[in-house]
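Trainee: fold the stuff below for me.
(chains A and B)
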Amino acid sequence: MKITYAKNRLRAALDNAPPMMASMAVKQAEALLNEMENECLARLDVLLAAFPAGLSGDDDARRVQLREVYETSRRMIGVATVAGIPEMDIAAQSLCEVADALLVRQKSDWEPLRVHISTMHLLRRSDISEAAKGQLLVALESLRAKIAPAASRQAATS
Amino acid sequence: MSSVKPPKALLNLQRTSILLADADMMGQSIVVQMLIGFGARAVARCDDVLEVRRQLANQPYDLIITDPAGFGPDGYDLISWIRRELAPPNRHAPVLVVTGHTESSRIGQLRDCGANFVVSRPLSATVLLERILWMSREKRPYVETEHYVGPDRRWRDEALPAGAPGRRQKDRDVAARIAAGGDMSQEEIDMVMNAAASS
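Mentor: Take a look at the predicted model:
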């Protein structure tokens, strides 16, 4: 085994810059993110519209569509929180875990995917109450636990 | 946006050269906005693995941030390539993986690719800043073995950096800095990891 003690260039770069309080840095970053809210909402709408209305064709074709559902959902994660709909990030994370579990088992059931996508459309509506959002997420979590019981909630790892 | 209290520390990315590799433009933009908020001026953005490799081969970077999932298998190979093939200083540049979800079939690759840290999306400004601070304070050496090249994974639980409030109930305090027992060898770590992966 070879061991190398390399210079930490990141440390050196930070040391050479004028100091800024971390709280100020976070405040500036959050202000810039707030400016992106409408852009992220528009992006969410594009991604929501990209979900198929169902899976069709033979097994190979259905698996390709299932993977596209997974990829679309993965791209949503992180965008929804900046768009002001953090619940949509939770739903997208859940959809990723369900789609991933189906891909691993080489199954292509549409119903759990449909439930997730319908829920996402509901979460996107501005007239839905916080309580209703909470109930929708509880229902999704229950569904996810049935389809992907072994999936560790990856969001909890950060 | 963040419910997490920022650490009481100083940080300014004004003189830090950063490479951001992400196939998704919106994902890139969100991270770039945070980095600009932290003072960054030099952020190179790439949405193509070949372009990332070209950049890394020609320009030194102090920090690499990437979402490998968007690049497919090439994204994980990219980090392994940085650690195995690239010349210093980029070979030893801190690599932060920012990802929304990792397919179960890729978790082993992500674990072994040689990244310094992995953080999940949605990403708050506080968490990103904390991780950058942690990487700047890292003193871990880089190890090269047959199966793994990257930051030494034999690190003690040194608890939270001084002044960091912690985000979880199970976060340990400074008393955890006192190590109990000896370090495991890389071979022992490989055995444990391989046993976990095959079970």
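Trainee: pull the contacting residues for the residue nearest the centre of chain A.
Mentor: Residue closest to the mean C-alpha point of chain A, counted by Cα atoms, centre = their mean, is A:Ile77 at 2.2 Å. Taking Cβ atoms under 8 Å, 6 or more residues apart in numbering or on different chains, we find A:Ile77 in contact with A:Asp89, A:Ala92, A:Gln93, A:Cys96, B:Gly100, B:His101, B:Arg121, B:Pro122. Using the backbone N, CA and C atoms, a C-beta is placed for each residue, glycine as well.
Trainee: pLDDT wise, what is B:Glu188 at?
Mentor: Note on B:Glu188: pLDDT of 76.
Trainee: about what we covered before: of all the contacts of A:Ile77, which two lie farthest apart?
Mentor: Maximum pairwise distance among those (Cβ to Cβ): 12.9 Å, between A:Cys96 and B:Pro122.
Trainee: the two: who's more crowded?
Mentor: Neighbour count, other Cβ atoms under 10 Å in any protein chain shown: between A:Cys96 and B:Pro122, A:Cys96 has more, with 29 against 23.
Trainee: and the host helix or strand of B:Asp77, what does it pack onto?
Mentor: In the assignment (DSSP states H and E), B:Asp77 maps to helix B:73-84. In terms of contacts (3 or more Cβ pairs under 8 Å, 6 or more residues apart in numbering or on different chains; DSSP states H and E), helix B:73-84 is packed against helix B:49-58, strand B:63-66, strand B:95-99, helix B:107-112, strand B:149-151.
Trainee: quick one: mean pLDDT for the longest one?
Mentor: Here the mean pLDDT over helix B:49-58 is 97, rounded to a whole number.
Trainee: that one near chain A anywhere?
Mentor: No: Helix B:49-58 does not reach chain A (Cβ under 8 Å from any Cβ of the partner chain); its nearest approach is 13.5 Å.
Trainee: restrict that helix to CA atoms and write it as CSV.
Mentor: The C-alpha coordinates for helix B:49-58 follow below in CSV (Å, rounded to 0.1, in the frame of the first residue of the first chain):
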residue,chain,number,x,y,z
VAL,B,49,-17.2,13.8,-19.1
LEU,B,50,-14.7,14.2,-21.9
GLU,B,51,-14.6,17.9,-21.3
VAL,B,52,-14.1,17.3,-17.6
ARG,B,53,-11.2,15.1,-18.3
ARG,B,54,-9.7,17.7,-20.7
GLN,B,55,-10.1,20.4,-18.1
LEU,B,56,-8.5,18.3,-15.3
ALA,B,57,-5.6,17.3,-17.5
ASN,B,58,-4.8,21.0,-18.3
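Trainee: and the residue lying closest to B:Pro88 once chain neighbours are set aside, backbone torsions?
Mentor: Residue nearest to B:Pro88 in three dimensions, not counting chain neighbours: A:Ala6, with 6.7 Å by Cβ to Cβ, 6 or more residues apart in numbering or on different chains. With angles defined as degrees, to the nearest 10, A:Ala6 sits at phi -90, psi 150.
Trainee: neighbours around residue 62, how many?
Mentor: Since you didn't name a chain, this refers to chain A. Applying other Cβ under 10 Å, I find that A:Arg62 has 18 neighbouring residues.
Trainee: my bad, the chain I had in mind was chain B
Mentor: 24.
Trainee: would you mind pulling up the elements that the worst-scoring helix or strand of chain B on mean pLDDT packs against?
Mentor: Every helix and strand in chain B was compared by mean pLDDT, DSSP states H and E; the lowest is helix B:186-198, with a mean of 73. Packing contacts for helix B:186-198, counted by 3+ Cβ pairs under 8 Å, 6+ apart, involve helix B:107-112.
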